[in-house]
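Participant: prediction below, plus the sequence it came from.
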Amino acid sequence: MKILVGEHRDERIEALPPELLERVRARGSWDDYMKIHGGPLASEAKRREAEVLAELGLLDEALRRGRAIVASYPPRLIGHSSGKGGYLNPAAYLAAKTGYPLISFDAHFPWGTWELHLKLGFPLLAIYSGAEGPHPGRLAKRSDRIVAVPLPPGASDQSLEAAISLAEGLGPVVLEVGLDFYYREPSGHFFATDRTYYRLGALVGRGGLAVLDCVSKASAEAAAALLAGAEGGPEPPDRPFEETRAVQSEAAAAIKKAKERARRIFKV
Ligand SMILES: [Zn+2]
């Protein structure tokens, strides 16, 4: 398996080793787009027709393959923050088309995906940095289909893998993967190693679809670990960064609450 990318050249995608990438030349159609995004976005998006249709074609190719990882990072306004104000939210598009739950694993809370979750109703499990993201109670007031897992900065494999385990009983899923939980990410405050990304990849291996976001040169190894997990390749060594006791207990409390809620609303 390789990471599927569109035709456009983006410096962040180009930073990944070329042997991990497969270019897809395809065109999607506006019909499916309209059902999912529609509304005021459409006229804006149509001004960027070439970009948006190429991205739709890439996503349709991922759907056709059934198990796939795509990197979607065109110049602007396409990505997990793309909701009302963007052109295309790839993960939300895939969740709406498949009916799978959407798992967002990204230090940034996916505000655009959240807007589309409210509009389209696909189940949403969001794992994000609690330092910047919303309180789960605030989200629960507006939706009974979201499970939110805010994690404290400093979390490493132990807590991140425990959070991912919430997704493991859900059947096939769509993943929005931010590589900003990776320890090599200079802007990040988290310490996920290859283990965490390997475990996420295993969700793809079971018939899931993943969209990479926040990708950079620093996270190339995490992307490779994700692919290895999807293919059932050799497991990376277990060498987590030690978490402080405060981080451990804050993460454990957030995961416990999320687990209770997931049991109630996802029936797992
Ligand atoms: Zn991010």
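Facilitator: Good, I have the coordinates.

Participant: any residues of the stretch 1-150 of the chain in contact with the ion? List them.
Facilitator: In this structure, the stretch 1-150 of the chain approaches the ion at residues 106, 108, judged by CB under 5 Å from the ion. Placement of C-beta: from N, CA and C, glycine included.

Participant: quick one: the strands in the stretch 1-150 of the chain, in order.
Facilitator: With DSSP state E, counting those that start in this stretch applied, the stretch 1-150 of the chain shows strands at 3-5, 21-23, 68-71, 102-105, 124-129, 146-151, listed in chain order.

Participant: in its sheet, what does the fifth one sit against?
Facilitator: Strand pairing for strand 124-129, using DSSP bridges, gives strand 102-105 (parallel), strand 146-151 (parallel).

Participant: for the third one, same thing?
Facilitator: Strand 68-71 has its sheet partners listed here by DSSP bridges as strand 3-5 (parallel), strand 209-213 (parallel).

Participant: nearest to residue 101, of those strands?
Facilitator: Ranking these by distance to residue 101, with CB to CB as the measure, places strand 209-213 first at 11.5 Å.

Participant: how about residues contacting that closest one?
Facilitator: If you take CB atoms under 8 Å, 6 or more residues apart in numbering as the criterion, strand 209-213 is touched by 3, 62-63, 67-73, 79-80, 90-91, 94, 98, 100, 106, 172-179, 200-201, 203-204, 223, 226, 230.

Participant: out of those residues, which are buried?
Facilitator: Those of the contacts of strand 209-213 that meet the buried threshold are 3, 62, 67-73, 79-80, 90-91, 94, 98, 100, 106, 172-179, 200-201, 203-204, 223, 226, 230, by 16 or more other CB atoms under 10 Å.

Participant: coming back round to it: pick the most buried one from the strands paired with strand 124-129.
Facilitator: The highest mean neighbour count among those belongs to strand 102-105 (a mean of 28), with neighbours defined as mean count of other CB atoms under 10 Å.

Participant: how about stretch 24-40: buried residues?
Facilitator: Neighbour counts over stretch 24-40 (16+ other CB under 10 Å) mark 24, 26, 28, 30, 32, 33, 36, 37 as buried.

Participant: could you give me the average pLDDT of it?
Facilitator: Summarised as a single mean, pLDDT over stretch 24-40 is 84.

Participant: give me the distance from that stretch to the chain's centre.
Facilitator: If you compare the mean C-alpha spot of stretch 24-40 with that of the full chain, they lie 20 Å apart, counting by CA atoms, centre = their mean, to the nearest Å.

Participant: alpha carbons only: can I get that stretch in PDB?
Facilitator: Taking C-alpha atoms only, stretch 24-40 is exported to PDB below (Å, rounded to 0.1, in the frame of the first residue of the first chain):
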ATOM      1  CA  VAL A  24      -3.700   9.400  -8.800                       C
ATOM      2  CA  ARG A  25      -5.100  11.300 -11.800                       C
ATOM      3  CA  ALA A  26      -8.800  11.300 -11.600                       C
ATOM      4  CA  ARG A  27     -11.800  13.600 -11.700                       C
ATOM      5  CA  GLY A  28     -14.800  13.400  -9.400                       C
ATOM      6  CA  SER A  29     -18.200  15.000 -10.100                       C
ATOM      7  CA  TRP A  30     -20.200  17.800  -8.500                       C
ATOM      8  CA  ASP A  31     -23.200  15.600  -7.900                       C
ATOM      9  CA  ASP A  32     -21.800  13.900  -4.800                       C
ATOM     10  CA  TYR A  33     -20.200  17.100  -3.700                       C
ATOM     11  CA  MET A  34     -23.500  18.900  -3.700                       C
ATOM     12  CA  LYS A  35     -25.200  16.300  -1.500                       C
ATOM     13  CA  ILE A  36     -22.500  16.600   1.200                       C
ATOM     14  CA  HIS A  37     -21.200  20.200   1.100                       C
ATOM     15  CA  GLY A  38     -23.800  22.000  -1.100                       C
ATOM     16  CA  GLY A  39     -25.100  25.300   0.100                       C
ATOM     17  CA  PRO A  40     -23.100  28.500   0.000                       C
END
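
Participant: tell me the pLDDT of the most centrally placed residue in the chain.
Facilitator: Among the residues of the chain, the smallest C-alpha distance to the mean C-alpha position (CA atoms, centre = their mean) belongs to residue 176, namely 0.9 Å. You'll see residue 176 listed with a pLDDT of 94.
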